[in-house]
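Enquirer: predicted coordinates and the sequence they were generated for:
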Protein chains: 2
Amino acid sequence: MLDKNYNKIVMKFGGTSMADIDKISKVADHIEREFNSSKKVAVVVSAMSGETDRLINLVDAIGKIDNSERDAVISSGEQVSSALLALTLKARGIQARSVQGWQIPLKTDEVHGSARILDVQSKYLDDLISRKEIPIIAGFQGITDDNRISTLGRGGSDTTAVAIACSLKADLCDIYTDVDGVYTSDPRIVELAKKISKISFEEMLEMASQGAKVLQTRSVELAMSYGIAIRVRSTFAENNLEKNNKTINIGTIVTNEDSILEDKVVSGIAYSKNEAKITIQNLDDKPGVAAQIFGNLAKSAVNVDMIVQNISADGKHTDLTFTLQEAELKTAKSILDDLKSEVSYEKLIESKDIAKVSVIGVGMRSHAGVAAEMFSTLAEKGINIQAITTSEIKVSVIIDSQYIELAMRALHSAFGLDQK
Amino acid sequence: MLDKNYNKIVMKFGGTSMADIDKISKVADHIEREFNSSKKVAVVVSAMSGETDRLINLVDAIGKIDNSERDAVISSGEQVSSALLALTLKARGIQARSVQGWQIPLKTDEVHGSARILDVQSKYLDDLISRKEIPIIAGFQGITDDNRISTLGRGGSDTTAVAIACSLKADLCDIYTDVDGVYTSDPRIVELAKKISKISFEEMLEMASQGAKVLQTRSVELAMSYGIAIRVRSTFAENNLEKNNKTINIGTIVTNEDSILEDKVVSGIAYSKNEAKITIQNLDDKPGVAAQIFGNLAKSAVNVDMIVQNISADGKHTDLTFTLQEAELKTAKSILDDLKSEVSYEKLIESKDIAKVSVIGVGMRSHAGVAAEMFSTLAEKGINIQAITTSEIKVSVIIDSQYIELAMRALHSAFGLDQK
């Protein structure tokens, strides 16, 4: 597909792309190229890498935290980076203007620290674009009805970019980052992983939540709702740029399932090492016990992933095993300890030596046998499956973490994803 | 005077007072003390010391500068410090809220980098104060009619504090800084210098512009126009705090001449070492020559301070000497070089080995003989006077810079300012 089909684009640059004045100059090269090819351009930036952490450390040093003031501190990082980029463009004779969330305004709810976008006014930005002044928008932040600065949570600039693209009815949201696209699997583990040229929103969501951390999940959800195509591409890789005015195979386009012509059954192999499991041994096997346990975990926002229950020989006791994010292990254990007076069990056994591997692809909807192929591939390598979950476009299994690399390479090869 | 006479106060803290989390905690102590004594309080802060310079360096690294984007970058320093202070207060259970210039709004003209305040709305701040939520206002910045962030120039937070005090009709604007008041002379040079307990706006203006750099000149002008008393006091000096609920001799109060009871003829001895002089030798002594020279200098914003002209023996030539700020010497010389085709002279002689010493006091208005006393004191010490200027409340002389300390000590003693 030729790039010239995209007439109005939003370009988003992350923290590593904005890390210093030299890198900001490289970012300005990309903007200059798009602007000079007569595109209508709006830009969204993150803070210079390291800056948000520096600001968070200042806040943390105070101790007790108020999220609205925390937002006022940490949003300053994008204010600085957006103005530095606007300065760089103006020094080249290109009209540009830094734009903060409150100047647009980009309205959010009042959940400071992880606010959700409610509304993006397009007039201010449209006016700038129509007089060829490029808006350089501070990502990650907005303004509440109470006239206070809010932030969208880690990775929120991706969501800002997609929301701006929706508001401006852009043809494409280009996410410039430090990788050159989305891969069939993690190239650090699977050497034969290939860049994917197109992937559906649904697959991208599974890839992102399963550990391929390229785009913030909410940004993909938002793009899917509004049908805005996202392209993930590298700020720095030279081979990822236009050649002879053609943009063949640049980055990865995340778009509607319909517009993906290749009909692969499986698009990628994702994994997560931050898994843990808890086994509740010799639990009383009575009605309502599971509801009590998982109800209490849910109330404390512990996300339980997979559940396996084994009935014991006497029919009165059971071993209940579930998996969860490693970060939530401590909370979950304390909840179960508190429950011991109400629910009778012998003991809790925890383990962090597990990992999850997932096979993802929209093609599964019309092709049976993916799960069977997955299980036999793992069996051939002698890898025991501890738990399984499936969705329409995903099969995930929990395995012993020492086998994770072996499992990923075997599955990548078995589903025909290896580079030739 | 008892502090309780002040019911509504603005407290302003400079960069050294906000330098780190520990110092911000000390600032919070001051606010807590005033707030707990049932005062209505608004606070204005500068950026953490060093932060504005760090941001300016980022901007300068880009090269060509756009002042509106420069303002967006450097105003972020106060956004961070104001929110950190609000966080610190909230951690102590005191309601507080960071407030940026655009949130008030504090309107300025569009001269980015040295904007002037046009209007400060009081409603937003009044509402906060009346519900006992302390506004922690980011100093140094405002918003233009074009909805962009502007800054007021170096030391602008003093001006913000006074403007806020005017808008809120406060009884006092307390400027907390790293010195404990205004002194009769620079204590690093004149060991016997005393802290002044009260000084008039006019005298303070002369002291400030003559090198006693405690308050930004514009803040004093603004306070004078609106009749808002300013108090300069230390954030750190323990002996400068309330004792037995009485605030005896805290800091220096800058106020109307009328409310100053002591009737001293001379209030202080100020100095400036950043002086330079240029002598134009053998200049054609024709009508219009001086106008041409000083007209061209004024056009390039070179402030000429004192002018001395000596007629030569032949009556056709003259030596013209003038003094100016050392920083403007280079500009002035290049203007005079350019003029050589139009104005005939032999050569330019420059010197930086001069200094200015000034005797300041509103009492001069009613007391003759200050100038005579000054000249004879300097003559006794064998110090030659190179040039003289006077105003209603000031006599300044230019002397060889090697005598500056000697001159200051002698004058300080001669006008009865020495500490007992």
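Expert: Nice, thanks for sending it over. Computed from a prediction, not measured in an experiment: that's the story for all the values here. Numbers count the residues shown, from 1 in each chain, chains lettered A, B, ... in the order given.
Enquirer: how is chain A carved up into domains?
Expert: Under the assignment automatic domain parsing, the domains of chain A span A:3-258, A:269-414.
Enquirer: what distance separates the start and the end of the last one?
Expert: The one in question is domain A:269-414. In domain A:269-414, first residue to last residue: 11 Å (CA to CA, to the nearest Å).
Enquirer: hmm, back to that, make TSV out of the domains of chain A and add mean neighbour count.
Expert: (Each C-beta comes from the backbone N, C-alpha and C, glycine too.) TSV is the format used below for these (neighbours: other CB atoms under 10 Å in any protein chain shown):
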stretch	mean neighbour count
domain A:3-258	20
domain A:269-414	16
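Enquirer: out of those, which is closest to chain B?
Expert: domain A:3-258 (3.7 Å; CB to the nearest CB).
Enquirer: about what we covered before: among the domains of chain A, which is nearest B:Leu339?
Expert: Minimum separation from B:Leu339 across the domains of chain A (CB to CB) falls at domain A:3-258, 33.4 Å.
Enquirer: returning to what we had before: among the domains of chain A, which is nearest B:Asn5?
Expert: Of all these, domain A:3-258 sits nearest to B:Asn5, with 32.5 Å by CB to CB.
Enquirer: right, is the closest one up against chain B?
Expert: Yes. Counting by CB under 8 Å from any CB of the partner chain, contacts between domain A:3-258 and chain B involve A:21, A:55, A:58-59, A:61-66, A:68-70, A:72-73, A:75-76, A:79-80, A:82-84, A:86-88, A:90-91, A:97-98, A:100, A:102-103, A:147-148.
Enquirer: from these, which land in helices?
Expert: Those of the residues of domain A:3-258 next to chain B mapping onto helices are A:21, A:55, A:58-59, A:68-70, A:72-73, A:76, A:79-80, A:82-84, A:86-88, A:90-91, per DSSP state H.
Enquirer: one step back: tabulate the domains of chain A (TSV), appending distance to B:Ile196.
Expert: TSV is the format used below for the domains of chain A (distance: least, CB to CB, whole Å):
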stretch	distance to B:Ile196
domain A:3-258	37
domain A:269-414	60
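Enquirer: what would those domains look like in a markdown table with mean pLDDT?
Expert: Shown next, in a markdown table, are these (pLDDT from 0 to 100):
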| stretch | mean pLDDT |
| --- | --- |
| domain A:3-258 | 91 |
| domain A:269-414 | 89 |
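Enquirer: out of those, which is closest to B:Phe236?
Expert: Nearest to B:Phe236, of all the domains of chain A, is domain A:3-258, at 19.8 Å by CB to CB.
Enquirer: as a check, name the ranges of all helices in the stretch 151-300 of chain A.
Expert: Secondary structure of the stretch 151-300 of chain A, counting by DSSP state H, counting those that start in this stretch: helices at A:156-168, A:201-209, A:217-226, A:289-299.
Enquirer: so who does A:Cys173 touch?
Expert: Residues in contact with A:Cys173 (CB atoms under 8 Å, 6 or more residues apart in numbering or on different chains) are A:Ile9, A:Val10, A:Lys12, A:Ala161, A:Val162, A:Ile164, A:Ala165, A:Ala223, A:Ile228, A:Ala229, A:Ile230, A:Arg231.
Enquirer: of those, closest to A:Thr318?
Expert: Distance to A:Thr318, by CB to CB, is smallest for A:Ala223 among the contacts of A:Cys173, at 43.3 Å.
Enquirer: who wins for proximity to B:Leu324 among the domains of chain A?
Expert: Closest among those, using CB to CB: domain A:3-258, at 32.0 Å.
Enquirer: next SSE after the helix or strand where A:Leu118 lies?
Expert: Assessed by DSSP states H and E, A:Leu118 sits inside strand A:117-120. Counting by DSSP H and E, the next helix or strand C-terminal to strand A:117-120 is helix A:123-130.
Enquirer: which outside residues touch that following helix?
Expert: Residues from elsewhere that reach helix A:123-130, judged by CB under 8 Å, 6+ apart: A:40-42, A:97, A:99, A:103-104, A:134-135, A:137, A:164, A:167-168.
Enquirer: with B:Arg148 as the reference, measure out to A:Val41.
Expert: Using CB to CB, to the nearest Å, we find A:Val41 at a distance of 20 Å from B:Arg148.
Enquirer: to clarify, my last question referred to A:Leu406.
Expert: Distance, A:Leu406 to B:Arg148, by CB to CB: 57 Å.
Enquirer: and A:Phe375, by the same measure?
Expert: In terms of CB to CB, A:Phe375 sits 61 Å off from B:Arg148.
Enquirer: just to check, A:Phe140 is in contact with A:Ser157?
Expert: Yes. When contacts are counted by CB atoms under 8 Å, A:Phe140 is listed as touching A:Ser157 (4.7 Å).
Enquirer: pull up the overlap in contacts between the two.
Expert: Common contact partners of A:Phe140 and A:Ser157 (CB under 8 Å, 6+ apart): A:Ser46, A:Glu78.
Enquirer: export the contacts of A:Cys173 to TSV and tack on distance to B:Glu110?
Expert: Output for the contacts of A:Cys173, formatted as TSV (distance: CB to CB, whole Å):
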residue	distance to B:Glu110
A:Ile9	31
A:Val10	29
A:Lys12	30
A:Ala161	30
A:Val162	34
A:Ile164	26
A:Ala165	31
A:Ala223	38
A:Ile228	36
A:Ala229	39
A:Ile230	38
A:Arg231	38
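Enquirer: which one of the residues you listed is nearest A:Ser46?
Expert: Of all the contacts of A:Cys173, A:Ser46 sits closest to A:Lys12, with 8.0 Å by CB to CB.
Enquirer: what helix or strand is that closest one on?
Expert: Judged by DSSP H and E, A:Lys12 forms part of strand A:8-13.
Enquirer: much appreciated, bye for now.
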